[in-house]
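J.: What follows is a predicted structure for the sequence shown.
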Amino acid sequence: MKHTREHFVGALFLSGALVLGAESSFGQQKKESSYSPVIEDPFEMAMAHDKSRKAMVMKRQMDLLNERYDLSKKVTTEVTMSKGKPLPVGPTARLKDGWTWEKLADMTPEKIKEEGLFPYLPLPHPNHVSGGMLFTQIQVKQFPRLERFDLDFDIPEHFLPEFPPPVYLTTHKDMGDVSQGQVISLDNYYEIFNGILNPKQLEGLRLLVTQFPQQQFNATAGRKSEKPSQGVACFDCHVNAHTSGATHLVGDIRPQSHRNRIETPSLRGVNIQRLFGSQRALKTVEDFTEFEQRGAYFDGDHLTAAKKGVNILERGSQVHFMAEFQALLDFPPAPKLDFYGRLDQAKATNSEKRGERIFFGKGRCGVCHDAPYYTDNQMHDLRVERFYKAQTINDQYIRAEGPIKTFPLRGIKDSPPYLHDGRLLTLEDVVEFFNLIQQLKLSSQEKKDLTAFLRQL
């Protein structure tokens with residue numbers, strides 16, 4: 001059989017053998033492979049190399065964050081997170097010299113893009129080339145097994161959720177924080193929840209606090225933990241069924257430079273959600289659970305998963321049990337909301353009342369975030385790329401990001417930072433971001449009132 005040049009090039013492409021930047025024997029530019037490199041250095045050599053570069057990598061990331069944001073600790077105790085942690089206040093984004101939020105809001109998206117003035121560009125992973133699960137410093141101090149030798153977490157602790165967060169159950173509203181102030185783990189889950197959950201739910205919780213191999217935390221030479229690791233648990237990222245603010249890269253985009261940073265969302269209110277994964281549009285929490293174990297834990301590479309120890313959960317029992325427990329997770333109390341999810345007019349301040357009117361009126365927030373849970377359970381493309389030019393920043397290619405799901409806003413004050421990649425550090429940043437991309441032209445007082453309302457959800 002006679003093989004043509006096209007046959008040969010096609011075979012190379014399908015085999016995943018083409019590598020970006022190299023020239024083929026035909027003089028054509030090769031494409032980057034969808035698969036990870038298969039040649040690995042000895043672990044001690046790889047670890048020494050990563051440790052030697054850690055300071056440089058973190059300096060580059062922190063230089064970027066300090067260029068974009070005022071990272072100083074500014075908090076309020078007027079309204080706190082559910083357990084009492086002060087809320088960070090902003091906006092934190094730094095505007096270029098001579099510019100104000102009002103002047104920026106008067107510009108067209110095209111002009112902001114042309115002048116390079118957009119203050120909320122996508123946020124890269126601290127090391128976008130390697131990516132992977134990265135846990136906050138406060139969590140690593142309590143659980144050293146989650147420490148990476150190549151990276152530290154980048155966003156300061158005062159911009160993160162309280163640790164550990166309280167746990168609320170729809171079936172035991174009278175109990176308040178069911179966790180008793182503890183981090184739920186394999187060591188204490190049975191003691192805390194025995195007698196509260198049924199046997200299936202208790203088994204589902206056991207699986208959620210059980211460590212399973214993951215790309216950066218496993219027993220192979222490809223890990224980023226100094227010691228061989230049993231892996232991570234679902235509740236390592238979703239601490240106490242909420243979030244610690246841990247970060248990662250989405251598993252379903254290639255090439256590596258195009259992958260988006262992902263900030264861990266809360267599991268509170270899973271029972272009212274119909275889409276899972278910020279950009280994946282998975283239809284059930286069972287789908288999400290199975291996807292995470294089979295693919296996302298290993299950067300979407302099923303070959304690496306097989307090598308490092310993928311945990312295949314049984315859908316009819318294990319996945320179902322995990323989902324049944326998650327269906328009990330409740331939002332935190334919101335004393336100023338009535339059972340329709342709207343403000344109780346007898347309890348709300350004038351500023352909060354004005355903010356609610358803006359939310360459902362001029363601000364158009366309620367178009368996607370409707371009461372009582374403040375989500376429409378749909379995907380929307382914000383088309384933020386209207387405001388910035390495609391470019392590479394710290395090895396991430398900043399470009400059109402596509403649709404993301406509408407996150408529930410109930411309990412939003414407990415879940416900083418915001419947006420799918422955590423680029424919005426405070427609720428004030430959220431308001432400024434949407435004021436720009438929706439071209440709302442809110443006044444300074446309207447923005448303050450809207451923020452006051454968001455704090456009561």
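T.: That came through, no problem. Numbering: from 1, shown residues only.

J.: domain parsing for this protein?
T.: Per automatic domain parsing, the structural domains of the chain span 68-122+336-454, 137-326.

J.: can you put the ones you listed in JSON lines and add distance to K51 and mean neighbour count?
T.: Bear in mind the C-beta positions are built from the backbone N, C-alpha and C, glycine included. Formatted as JSON lines, the domains of the chain follow (distance: least, C-beta to C-beta, whole Å; neighbours: other C-beta atoms under 10 Å):
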{"stretch": "domain 68-122+336-454", "distance to K51": "19", "mean neighbour count": "17"}
{"stretch": "domain 137-326", "distance to K51": "6", "mean neighbour count": "19"}
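
J.: Figure out which of those is closest to H128.
T.: When these are compared by C-beta to C-beta, domain 68-122+336-454 sits nearest H128, at 4.0 Å.

J.: Okay, the closest residue in space to P213 that isn't next to it in sequence and Q61: tell me how far apart.
T.: Using C-beta to C-beta, 6 or more residues apart in numbering and skipping residues adjacent in sequence, the residue nearest P213 is G309, 3.6 Å away. Note on G309: its distance to Q61, by C-beta to C-beta, to the nearest Å, is 30 Å.

J.: just E356 next, same as before
T.: 38 Å.

J.: can you check Q326 too?
T.: Counting by C-beta to C-beta - Q326 and Q61 are separated by 33 Å.

J.: coming back round to it: now for the domains of the chain, which one comes closest to M47?
T.: domain 137-326 (5.7 Å).

J.: So what's the gap between that closest one and the chain middle?
T.: With C-alpha atoms, centre = their mean, to the nearest Å as the basis, domain 137-326 stands 12 Å off its chain's centre.

J.: ditto for stretch 353-371
T.: 24 Å.

J.: ditto for stretch 323-341
T.: Here stretch 323-341 is found 21 Å from its chain centre; the criterion is C-alpha atoms, centre = their mean.

J.: Touching it from outside, list them.
T.: Where contact means C-beta atoms under 8 Å, 6 or more residues apart in numbering, the residues beyond stretch 323-341 that reach it are 82, 166-171, 173, 197, 200-202, 204-205, 208, 241, 267-271, 284-286, 289, 343-344, 347-348, 352, 371-374, 408, 410-411, 414, 456-457.

J.: the helices in this structure, which residues?
T.: Remark: helices assigned in the chain by DSSP state H are 5-15, 43-68, 101-105, 109-115, 137-142, 189-193, 199-208, 234-237, 285-294, 302-308, 320-326, 350-360, 427-437, 444-454.

J.: Now for the chain, the helix or strand with the poorest mean pLDDT.
T.: Least confident helix or strand, the chain: helix 5-15 with a mean of 34, by mean pLDDT, DSSP states H and E.

J.: S34 is nearest to which of the domains of the chain?
T.: With C-beta to C-beta as the criterion, S34 lies closest to domain 137-326 of the domains of the chain, at 5.1 Å.

J.: Who are the packing partners of the top strand by length along the chain?
T.: Using DSSP state E to define each element, the chain has its longest strand at strand 75-80. Here strand 75-80 touches strand 86-88, going by 3 or more C-beta pairs under 8 Å, 6 or more residues apart in numbering; DSSP states H and E.

J.: Could you spell out the sheet neighbours of the strand it packs on, each with its direction?
T.: strand 75-80 (antiparallel) (DSSP bridges).

J.: and the strand it pairs with, average pLDDT?
T.: Regarding strand 75-80, the rounded mean pLDDT is 94.

J.: How about exporting that strand as PDB, limited to the C-alpha atoms?
T.: In PDB, the C-alpha atoms belonging to strand 75-80 read as follows (Å, rounded to 0.1, in the frame of the first residue of the first chain):
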ATOM      1  CA  VAL A  75     -11.700  44.400  56.500                       C
ATOM      2  CA  THR A  76     -15.000  45.200  58.100                       C
ATOM      3  CA  THR A  77     -16.700  43.800  61.200                       C
ATOM      4  CA  GLU A  78     -20.000  45.400  60.400                       C
ATOM      5  CA  VAL A  79     -20.900  42.200  58.700                       C
ATOM      6  CA  THR A  80     -18.900  39.100  59.100                       C
END
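
J.: and the residue lying closest to A452 once chain neighbours are set aside, what pLDDT?
T.: Leaving aside its sequence neighbours, A452 sits nearest to S351 (C-beta to C-beta, 6+ apart; 4.4 Å). In this prediction, S351 carries a pLDDT score of 98.

J.: shaky segments in the protein?
T.: Scanning the chain for pLDDT under 70 picks out 1-30, 35-39.

J.: still on that earlier bit, residues contacting the residue nearest to A452?
T.: 448-449, 452.

J.: how far away is it from G366?
T.: 18 Å.

J.: V129 against D395, yeah?
T.: Yes. The criterion here is C-beta atoms under 8 Å, and V129 meets it with D395 at 5.2 Å.

J.: For the stretch 351-457 of the chain, which segments are assigned as strands?
T.: 379-380, 391-393, 396-398, 404-405 (DSSP state E, counting those that start in this stretch).

J.: what's the first one in contact with?
T.: It refers to strand 379-380. Residues contacting strand 379-380 (C-beta under 8 Å, 6+ apart): 275, 281, 368, 403-406.

J.: Provide the strand pairings for that strand, with the direction of each partner.
T.: When DSSP bridges is applied, strand 379-380 pairs with strand 404-405 (antiparallel).

J.: excluding its backbone neighbours, what's nearest G277?
T.: F288 (5.9 Å).

J.: Sorry, slip of the keys, the one I care about is L424.
T.: Y418 (4.0 Å).

J.: isn't that neighbour right up against E432?
T.: No. Using C-beta under 8 Å, Y418 is not in contact with E432; the gap is 11.4 Å.

J.: Near the nearest residue to D395 once chain neighbours are set aside, how many other residues are there?
T.: Setting aside the residues directly before and after it, D395 is nearest to H128 in space (C-beta to C-beta, 6+ apart), at 4.0 Å. Neighbourhood size, H128 [other C-beta atoms under 10 Å]: 20.

J.: show me what contacts H128?
T.: 249, 256-257, 259, 261, 394-396.

J.: Determine the number of other residues adjacent to L134.
T.: Counted with other C-beta under 10 Å, the neighbours of L134 add up to 25.
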